[in-house]
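S.K.: please find the sequence and the predicted model below.
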Amino acid sequence: MPSFDISSEADMVALKNAVDVAGRHIGNRYDFKGTSARAELNDKDKKITLYGDSEFQLDQVKDILFPEMEKKERESTKRLDHGVIQTVSGNKSKQELTIKVGIETELAKQIVKLIKDSKIKVQASIQGDAVRVTGAKRDLLQECISLVKKTITDFPLQYGNFRD
């Protein structure tokens with residue numbers, strides 16, 4: 001029986017590249033000279049830490065970083081979980097952006113319910129941080145992919161591991 005997986009994996013190499021390019025842009029900007037404005041990526045914890053002299057400067061850093069991330073990996077800013085803005089050492093500000101990898105159980109349940117309610121003759125099951133969809137024909141699976149793509153737009157999903 002044909003099957004495929006719905007998953008959500010971050011391309012860490014593309015994100016590292018985007019953070020590096022944004023860091024070069026921040027370093028070249030005249031209004032950031034002599035400030036603590038920068039962005040750092042922690043690969044192990046899957047976090048991007050933004051630093052600035054104020055909340056306004058953090059927003060400016062985001063305005064530089066987010067388009068770079070979108071250029072490297074489409075919809076990558078949707079997978080970021082914005083932490084609270086912290087004040088460190090006087091007037092400096094810091095914010096952590098957590099990169100969400102995998103499909104959370106609540107979203108997985110929503111996808112399974114969506115597929116079952118659509119009356120398409122496929123079976124969907126949650127497998128860890130992915131959703132496996134199995135059906136009798138390829139056409140049904142493609143119909144299922146288009147349904148999920150059309151409905152779930154607030155989180156980046158990948159459709160892969162297709163087995164015939």
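M.R.: Received it, and whenever you're ready, just let me know what you need. Residues are numbered from 1 along each chain as shown.

S.K.: please count neighbours and contacts with C-alpha atoms only from this point.
M.R.: OK.

S.K.: from residue 116, how far out is the most centrally placed residue in the chain?
M.R.: With distances taken as Cα atoms, centre = their mean, the residue of the chain nearest its centroid is residue 79 (2.4 Å). Per Cα to Cα, to the nearest Å, residue 79 is found 25 Å from residue 116.

S.K.: hmm, residue 162 is touching residue 3, no?
M.R.: Yes. Using Cα atoms under 8 Å, residue 162 is in contact with residue 3, at 5.7 Å.

S.K.: how does the chain divide up, domain by domain?
M.R.: Each domain of the chain is listed here as a residue range: 3-8+102-163, 12-99, per automatic domain parsing.

S.K.: which stretches in the protein count as helices?
M.R.: 12-28, 55-72, 105-117, 138-151 (DSSP state H).

S.K.: need the ones you listed in TSV (columns: distance to residue 38, mean neighbour count and mean pLDDT).
M.R.: Output for these, formatted as TSV (distance: least, Cα to Cα, whole Å; neighbours: other Cα atoms under 10 Å; pLDDT from 0 to 100):
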stretch	distance to residue 38	mean neighbour count	mean pLDDT
helix 12-28	6	17	91
helix 55-72	7	17	90
helix 105-117	33	15	89
helix 138-151	35	15	89
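
S.K.: can I get those in a markdown table with distance to residue 40?
M.R.: Formatted as a markdown table, the helices of the chain follow (distance: least, Cα to Cα, whole Å):
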| stretch | distance to residue 40 |
| --- | --- |
| helix 12-28 | 7 |
| helix 55-72 | 11 |
| helix 105-117 | 29 |
| helix 138-151 | 32 |
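
S.K.: could you report the neighbour count for residue 77?
M.R.: Number of residues near residue 77 (other Cα atoms under 10 Å) recorded here: 18.

S.K.: identify whichever of the helices of the chain lies nearest to residue 131.
M.R.: Evaluated with Cα to Cα, those place helix 105-117 nearest to residue 131, the distance being 6.4 Å.

S.K.: can you tell me which of the helices of the chain is nearest to residue 34?
M.R.: helix 12-28 (9.5 Å).
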